[in-house]
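Asks: Next comes the sequence, and after it the predicted model I'd like to discuss.
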Number of protein chains: 4
Amino acid sequence: MPMMKAAVFEKAGRIVLRERPRPEVGPSDALMRVTTTTICGTDVHILKGEYPVAPGRIVGHEPVGVIEELGSAVFGYKPGQRVIAGAITPCGQCSPCLEGHLSQCGGKAMGGWRFGNTIDGCQAEYVLVPNATANLAPIPDGLSDEQVLMCPDIMSTGFGGTESADIRIGDTVAIFAQGPIGLCATAGAKLRGATTIIAVDTVSERLAMAQRMGADVVIDYKKTDPIAEILRLTGGRGVDVAIEALGTQQTFESCLRVLKPGGVLSSLGVYSGKLTLPLDAFAAGLGDHRIVTTLCPGGKERMRRLMRVIDANRVDLGGLVTHRYKLDQIEEAYELFANQRDGVLKVAITP
Amino acid sequence: MPMMKAAVFEKAGRIVLRERPRPEVGPSDALMRVTTTTICGTDVHILKGEYPVAPGRIVGHEPVGVIEELGSAVFGYKPGQRVIAGAITPCGQCSPCLEGHLSQCGGKAMGGWRFGNTIDGCQAEYVLVPNATANLAPIPDGLSDEQVLMCPDIMSTGFGGTESADIRIGDTVAIFAQGPIGLCATAGAKLRGATTIIAVDTVSERLAMAQRMGADVVIDYKKTDPIAEILRLTGGRGVDVAIEALGTQQTFESCLRVLKPGGVLSSLGVYSGKLTLPLDAFAAGLGDHRIVTTLCPGGKERMRRLMRVIDANRVDLGGLVTHRYKLDQIEEAYELFANQRDGVLKVAITP
Amino acid sequence: MPMMKAAVFEKAGRIVLRERPRPEVGPSDALMRVTTTTICGTDVHILKGEYPVAPGRIVGHEPVGVIEELGSAVFGYKPGQRVIAGAITPCGQCSPCLEGHLSQCGGKAMGGWRFGNTIDGCQAEYVLVPNATANLAPIPDGLSDEQVLMCPDIMSTGFGGTESADIRIGDTVAIFAQGPIGLCATAGAKLRGATTIIAVDTVSERLAMAQRMGADVVIDYKKTDPIAEILRLTGGRGVDVAIEALGTQQTFESCLRVLKPGGVLSSLGVYSGKLTLPLDAFAAGLGDHRIVTTLCPGGKERMRRLMRVIDANRVDLGGLVTHRYKLDQIEEAYELFANQRDGVLKVAITP
Amino acid sequence: MPMMKAAVFEKAGRIVLRERPRPEVGPSDALMRVTTTTICGTDVHILKGEYPVAPGRIVGHEPVGVIEELGSAVFGYKPGQRVIAGAITPCGQCSPCLEGHLSQCGGKAMGGWRFGNTIDGCQAEYVLVPNATANLAPIPDGLSDEQVLMCPDIMSTGFGGTESADIRIGDTVAIFAQGPIGLCATAGAKLRGATTIIAVDTVSERLAMAQRMGADVVIDYKKTDPIAEILRLTGGRGVDVAIEALGTQQTFESCLRVLKPGGVLSSLGVYSGKLTLPLDAFAAGLGDHRIVTTLCPGGKERMRRLMRVIDANRVDLGGLVTHRYKLDQIEEAYELFANQRDGVLKVAITP
């Protein structure tokens, strides 16, 4: 049985590199040889034991690679093709998928999120892609691994937050937090035609990157009260769309406080503990507000579109990869990323 | 100066009948002689001092009557026509109105709600209708005052909750609380093609009325745990849409607990105190859930459509009027309604 | 090799009963033993040579039956279950499916329509259901074959026309032609909350059935000019939605002539020859009109919802089956149906 | 009675400069002193007698100017403000406006188009703006007249075509004809996130301008068959959205021929003569195609958003003004523009 290296969750606080058997291909699967992958904030939650996965699970959900082998029922591909798969791998055939809720595949919350969660993930030399016909997306010629590395998760998620909010030409949009997902939301807001984009964070590199991604105004919340400032900038009117990209009470609440009546709070963060709606900002439920949540959209058509955004030079996410590691160094990469040291935004991991 | 009788909010705990000058008509106004009106749950909040209005304000926002006089800039009507106006009276000309947020007219939360709030209301012999061209809706021949009495507020609100949720043919819908608005939401869910409608309350008359309005299943939450029962009824799948029609933590939270991933929580209640999102039911923000709030839609086209629903016999809300009073007895009517005595659903008040 | 009887298209003018080998089950297929099926207007087009299918093709696309055998990759079912499949059998895994264009599966126009078109159909003792995981829908207990016989095609199509048009509460809707699909569109318009439903045809049985399905007004176009009458009924305003359910220049054009500015023409018919837009009615392209076309929605979730409509007694389509035949008599059934003799609406065929 | 100069339609073939009385202000009107305006293709249709307006009508519908006087019922402005008004001036208060069909104000097709059509227009020293509260939009400080001159009509129309089609991130869009409106559609497609934008025309200056507006590919249809080329570019898949920006059978039909099943044909042109749907490309009505038409969206909020697009440097339409004239020279300007001489795109007219 051929073996491979893989980053394995063993227990809270411990993700380590292990030897594991290379997976066997079932009829609907594809085996991908991973050429580049990355670490997500969610992986850090897993590492810390804040999000439960089974001990022994190979982690990682952002694969870029090459098709090694195809299951008997998979059609439309051939071995050797460079491909990506989304973090979310819908089956396309269950009722939720057929109704368009691809991320909630199977009808359980987050059911479409399998990699590094309910099946083995891609921080490894090889990864098995389930429902491969629906999920393998060929990489356009001329795009490097790093150029498409953000497509499987953070670009899809960040853009998704702007799409769920149905941002329109001329909208005013505030994005709270400018980590990788918030930065992608900023880029997505510009791509959909928002004309006043206000990005809030406190890390100066992130605010600088936000401007590169399209922010018209950046606010360092440690220096300026973002709520007062956004209301001032909008003449008291509030924003059309507020995007939450962190997952805290404060950012969620701030979104509501700057939102116009009839506006949309688009939530991308993963919350823990308690989450309370401030009733004054929520107009006691009578403000025609909408709160929409978005789990990273997946499937091969989604991936095709996102790679096309890159290929057409509409957005340049290259600057997001700040550090590079070999798979052998993944424990070190986790250490850096989990502690947000050295101005890290995203790391590239190459097996 | 001609005088009229009117129910006036004086201070918390005190709404009384007073003599007041009949209002004078400005260029965009119409003077309506009120022939029937009613009391809303919101009026009770005002009475109790829970929702602040200026002392001296005439209350009431559900007018049925006859045009007495028209402002110089009003067109399309003539005195003597029987009309209604919605509880919400949008101007149609401000930016929020032009973008379709009619209830948030002027850009302040609830800005379209003027009657008995920011201007004098209709629990009186006469009421001034602002922005009359946009708000007067002629009553079809053959419909009585009582038949259209629910259109200005509760029918528009209850139906609105089903429209904001975009209920579709074949949806499963749960409605928590079957007061007047919840009952109208039940009727609206049926009218939009929901095929499994589950109504939750504990008052047996309300549950019986819910069945008349279209509920396929009724649940008395004091006898049966509604969450467990709804999950059982849906095979664990959850509902497509959950409608909150009361304004409490418990009903709001119950909605989330029975909602499928990708489903819509449509909120109609007026909340007070604190409102918390249960993160387990909310999938930590990753369930593609949407929370939509709806303030009663207004304007003459809305009223025309709702009266047409009645006229075409699609819904019979006649049974909702359980008690009738003269305007002179309005203090008595408040006493009954505020205490929910005698199985009251809605009262009709005739000046 | 086990044999079966099947209705086979041999050449224009000729569909005959033949012995054919029972199909073999591939990994994604299910073999269904057909217990009831029917003949569609499209089958008559095939018979007449107006729609091309390969000689030797087994026709029919509306199967009700029992699972006989399941492919190795199919999950969620067991042999012996009573099921239906839609006329359209999307794969769920191609780009168009993943974007929600299930009927255009594979990216070719009508690509989702396979039965009796690009693969063998169900006017036979057995039929192979492709992409079975996405397409088999269990029949609720207590519903007969005939009760669900309209779900695979005409109910899905007729309802689809009202959904694509986004019919809203209070809409005025005209439906031109009241054959089986038009009748289902009439039922669907009511189910979505239209309050003035105007059905146009000339066959008195069909107009009577239209009233049973929910039409508020019926117009016999041989006795009354439908355009003038509909404009009269709407006070010159026109309808919100006009549904074309026949496929002729005259009905298409009539739809535009009764449509309000900003209204939707929802087209269900299959057109031949030429189709011209009358520019006066089309306001030279400046009327904010929308023309939407709908091919029968398919997939198991769609079928589940439609059967639920029946099961919840929202619509009774039982009256549509006017004639019953054994599979052995199918040539006779075609003869009756193709010539629209004897007041036929739909026939039930039982192997 | 103060007089003013104005361009007046007298009869087919004849628009001339005349002295006319300066208009008197009614309660809902504003008098605008025009500082810049332009000539539209529609004005040329009027000139040629192809679109009927009353003899004596002052033409022009794209006003930039200064508030001179306000009617008694107008609120929110003061004389001296620099403003624009849209070509379409909805009342906001009729049923179609309240339902969001602002361009079809009053319920007649094109009812919102008043300037230079049903009331006097703005190719004059002064123009009366009807429904002024809903229609006056202040020009942001720092923007010149010419910078906002495209907002009232062609920018609103061109962008509108991309909005009605609901262009999404990653879409492939073809725009047929790159006159001023087509160029704005090209810019709008980019602004909404289309990633493959294909512009078709034959005038080299227009194709060059199309590239500046965001086209990824330009096709000179005299040199290359645009249908074959677009199908080639999309791998036979067709485009997600095809925009018609001329108003001819050929461009309309070409749109359908390059459109994918499930795609949207967004029509902006004004058609004359006959318009035929090619049934092969239309899949006989079964391709889930949608055809949407858009009349220039108006109202002050629309204008505010479009000026913000300019102010935020999202789009630079400056290059569209190729020629400048004094109002005194307007007959000369018409002569140039009507004959499309000298590479003219748009002219600026200053009284």
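Replies: Nice, thanks for sending it over.
Asks: Please work out which residue of the stretch 251-351 of chain A is closest to chain D.
Replies: residue A:305 (2.8 Å; CB to the nearest CB). C-beta coordinates here come from the backbone N, C-alpha and C atoms, glycine included.
Asks: hmm, who's touching the host helix or strand of that residue?
Replies: Assigned by DSSP states H and E, residue A:305 belongs to helix A:300-311. For helix A:300-311, the external contacting residues (CB atoms under 8 Å, 6 or more residues apart in numbering or on different chains) are A:84-86, A:134-140, A:142-143, A:147-148, A:151-152, A:155-156, A:159, A:191, A:315-317, C:95, C:98-99, D:169-170, D:193, D:195-196.
Asks: mind running it again at 6 Å?
Replies: Here helix A:300-311 makes contact (CB atoms under 6 Å, 6 or more residues apart in numbering or on different chains) with A:84, A:86, A:135-137, A:140, A:143, A:147-148, A:151, A:155, A:315, C:95, C:98-99, D:170, D:195.
Asks: Can you get me a residue count around the residue nearest to residue A:41 when sequence neighbours are not counted?
Replies: Of all residues beyond its chain neighbours, the one nearest residue A:41 is residue A:179 (7.0 Å), with distances taken as CB to CB, 6 or more residues apart in numbering or on different chains. By the criterion of other CB atoms under 10 Å in any protein chain shown, residue A:179 has 21 neighbours.
Asks: Can you check my assumption that residue A:231 lies in a helix?
Replies: Yes: checked against DSSP: H, G, I helix; E, B strand; the rest coil, residue A:231 lies within a helix.
Asks: Who are the contact partners of it?
Replies: Neighbours of residue A:231 in contact, by CB under 6 Å, 6+ apart: none.
Asks: next one: residue A:298
Replies: A:86, A:88-90, A:112.
Asks: try it again with 7 Å
Replies: Residues counted as contacts of residue A:298 (CB atoms under 7 Å, 6 or more residues apart in numbering or on different chains) are A:86-90, A:102-103, A:112, A:156.
Asks: Nearest to residue C:29 among these?
Replies: Lowest distance from residue C:29 to the contacts of residue A:298 (CB to CB) belongs to residue A:90, with 21.4 Å.
Asks: neighbours around the closest one, how many?
Replies: Counted with other CB under 10 Å, residue A:90 comes out at 31.
Asks: What strand or helix carries it?
Replies: Residue A:90 belongs to no helix or strand, assigned by DSSP H and E.
Asks: Let me see the contact set for it.
Replies: Residue A:90 neighbours (CB under 7 Å, 6+ apart): A:97, A:102, A:105, A:112, A:131, A:134, A:298-299.
Asks: what would these look like in a markdown table with pLDDT and secondary structure?
Replies: Formatted as a markdown table, those follow (pLDDT from 0 to 100; DSSP: H, G, I helix; E, B strand; the rest coil):
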| residue | pLDDT | secondary structure |
| --- | --- | --- |
| A:97 | 98 | helix |
| A:102 | 98 | helix |
| A:105 | 98 | helix |
| A:112 | 98 | coil |
| A:131 | 96 | coil |
| A:134 | 98 | helix |
| A:298 | 98 | coil |
| A:299 | 98 | coil |
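Asks: hang on, the earlier thing: now list the buried members of the contacts of helix A:300-311.
Replies: Neighbour counting by 16 or more other CB atoms under 10 Å in any protein chain shown classes A:84, A:86, A:135-137, A:143, A:147-148, A:151, A:155, A:315, C:95, C:98-99, D:170, D:195 among the contacts of helix A:300-311 as buried.
Asks: just those that are near chain B?
Replies: Contacts with chain B are made by none of the buried ones among the contacts of helix A:300-311, judged by CB under 7 Å from any CB of the partner chain.
Asks: Need the max-distance pair from these.
Replies: Across the buried ones among the contacts of helix A:300-311 (CB to CB), the longest gap, 23.7 Å, separates A:147 and C:99.
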